[in-house]
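J.: pasted the sequence and its predicted model underneath.
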Amino acid sequence: SNLEVPGDSYTLVQDDDNQSLVARIKRKSWIYFKKYLGQRAQPPGRHGPGYCLMALIGTFLSLLLISGIDETITGIKYEEDTLFALIASFGAVTSMAFGAPTSFFVQPRNIIGGHVIATVVALSMDYLVNDDYYPVIPEWLAAAIAP
């Protein structure tokens with residue numbers, strides 16, 4: 001049986017049993033890389049000044065709130081370590097969240113999940129390098145791996 005791929009003028013054979021391994025890899029690779037050509041759709045229009053102003057205000061207020069929290073807890077010590085709440089990625093996340101709220105990259109699951117993964121990797125590198133624990137990997141390697 002044949003399988004029509006929408007939007008294309010070619011037909012692909014679906015019977016994988018009759019094809020060689022190389023032919024199947026070529027066919028599946030073609031289908032996969034065909035996605036990168038895009039949908040041939042018009043890009044969205046420009047945003048108006050009101051939208052840009054609201055994105056600016058939202059980003060500013062979010063960063064102001066995070067900076068206030070950071071300033072409040074900076075004086076707090078926990079086992080001789082200073083606590084902080086402001087990290088570099090918050091600026092990028094807030095500007096993306098208010099500038100392009102419908103984007104796939106700024107959905108809550110991606111924002112929270114990305115920060116959780118980055119935190120786990122950074123803490124793992126700290127435990128694997130720190131002399132207080134058992135240092136397993138060199139510091140230069142951990143610095144390259146950690147976010």
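T.: Yes, it's here. Residues are numbered from 1 along each chain as shown.

J.: any weak-confidence spans in this protein?
T.: 1-18, 38-39, 83, 147 (pLDDT under 70).

J.: what about 50?
T.: The chain contains residues with pLDDT under 50 at 1-2, 4, 7-13.

J.: how about the helices in it?
T.: All helices of the chain, identified by DSSP state H, fall at 21-34, 49-73, 88-99, 108-129, 139-145.

J.: now distance to residue 43 and mean neighbour count too, for those, in CSV please.
T.: All C-beta atoms are positioned from the backbone trio N, CA, C, and that covers glycine. Below are the helices of the chain laid out as CSV (distance: least, CB to CB, whole Å; neighbours: other CB atoms under 10 Å):
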stretch, distance to residue 43, mean neighbour count
helix 21-34, 20, 11
helix 49-73, 16, 13
helix 88-99, 15, 16
helix 108-129, 22, 13
helix 139-145, 36, 12
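
J.: including distance to residue 42, could the ones you listed go into TSV?
T.: TSV is the format used below for the helices of the chain (distance: least, CB to CB, whole Å):
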stretch	distance to residue 42
helix 21-34	20
helix 49-73	19
helix 88-99	20
helix 108-129	25
helix 139-145	41
